[in-house]
Structure formats: structure tokens, C-alpha cells
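[1] Any chance you can model this:
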Amino acid sequence: MASHSNNPIDGFCVDRASIRYIGQDLQRPECILAEPNGDLWAADARGGVMHIRPDGAQTLISQKLTKKFEAAGDLASRYTQGTLPNGLAFARNGDILISNFGTDLLEVMTRTGETRTLYDRIDGKPIGKVNFVLRDSKNRIWLTISTMVNPWTAAATTRVRDGYLALVDEKGIRVVAEGFYFTNEVRMDAKEEWIYIVETTGPHISRMRLVE
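    Numbering: from 1, shown residues only. Below is the predicted model:
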């Protein structure tokens, strides 16, 4: 029976024969950015990003490398102590925005490793468990905070509803939506009229209309 759905991915499938491995020896590559020339940038638990070129050459870029993730004796320590780059986005000038899930910071790193903190607080209070970052066509930065609970693992198991979405624009940083179940990745539709918010412990995806 023919499908009458307007869903552009209706019927989409992946050819197993076309799947291949790219990159090696990565540590927790949570987020991957791709450029038109084929360059890939993957978050790496050693405190930065792995740059993977089209020819397969790799360079780990970081201001200060750490082995804490690899050396941690248990999962709790691995995911709750030390730096842990998570969501990535390209800044307008090509630098890399990093939502650091380990240090609760929104950072920016140049492609040679120089890193600085953009935000660690909102309204004078600690920002919380920073998860993902997205930059839109208007150069606005959208930031998800999964929870304010410390350690965050407690929120992941009890379905705490204290996650929120923050916006960074010419006015600075502010909370624009809250009350989410462990806010994770966010994406916009092609026209940037709607934003889709993954709530990990929901478990569901919420959609919100963007109003100027």
C-alpha cells in the first residue's frame, strides 16, 4: 500500500553494506560535528575534541588533557568527577562551543585548544548540569541543563523534573523554558519555528513554538 505521509523520512532505511567505521581510540564521543569538507569533530572525555580528517588522520585538541575518565575505578566517579565535554556546536567564527557535563560550564575552544568559560551561572546561581548546546541561524545559542540535582545520577533515577532550556543572545543568558525531565539534546525544524526538546527520563520529546 502506498504511503500518503508527508514525513520526509517515511520509508527511510540504511544499507548495511554502506556502514563503515570512522575514527578510532575515541573516549565517549557523545557529540559529533561535520563540516562540508568532510572534517569531523567529536567530543572526547579527555577534555577536548577529536579532529578527524577525511583521510582518517586524527588530532586530539585540548587546552589540558586529562586521564580521569579512563582511570576512574567505577562508573559513578567516571561520570561525576572532572571534565566531560558533551554537546558541541560551531561558533560563528569557527570556534567550538562545548557544554561541559562534568564541570557544569558552557565553554568555547579555538581549533588550537585555547579554552575559556562563557557561562557558569544564571541569575547569580550555578548553572546546573549543562548537557547540550545549539547555535541557530540568528547566532543565538540554546543551552540545555539536565538537572540541578548533585549528583546528577540521582535525578536520572528518580525522574526529577527540574531541567530547563536557556538562551544566549545580545541580552545575555536567561532561562526560557523549564520543568523538563532531564533535558538532553534539542533541535529545530528547518524554518526555526519549532524547537524539539529531548527529555531523557520523560521519556519523550517535547515540541515548543518559538515566539519572537
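[2] which residue packs closest to the residue nearest the centre of the chain, ignoring adjacent ones?
    A centroid search over the chain (CA atoms, centre = their mean) returns residue 87, at 1.7 Å, as the residue closest to the centre. Nearest non-adjacent residue to residue 87, counting by CB to CB, 6 or more residues apart in numbering: residue 132, 3.4 Å away. For glycine as for every other residue, the C-beta is placed from the backbone atoms N, C-alpha and C.
[3] on that earlier part again, helix or strand: which one has the residue nearest to the centre of the chain?
    strand 85-90 (DSSP states H and E).
[4] mind checking how far that strand is from the chain centre?
    Computed by CA atoms, centre = their mean, to the nearest Å, the separation of strand 85-90 from the middle of its chain amounts to 5 Å.
[5] and what of stretch 98-109?
    9 Å.
[6] which secondary element of this structure has the worst mean pLDDT?
    Scoring the helices and strands of the chain by mean pLDDT, DSSP states H and E places helix 75-80 at the bottom, with a mean of 54.
[7] Partner strands of the longest strand along the chain and their direction?
    When the chain is parsed with DSSP state E, its longest strand is strand 172-180. Using DSSP bridges, strand 172-180 pairs in its sheet with strand 163-169 (antiparallel).
[8] in the strand it pairs with, what counts as buried?
    The neighbour-count check on strand 163-169 (16 or more other CB atoms under 10 Å) flags 163-168 as buried.
[9] and which of the residues you listed is nearest to residue 112?
    residue 168 (23.6 Å; CB to CB).
[10] Which residue, neighbours along the chain excluded, lies closest to residue 139?
    residue 92 (5.5 Å).
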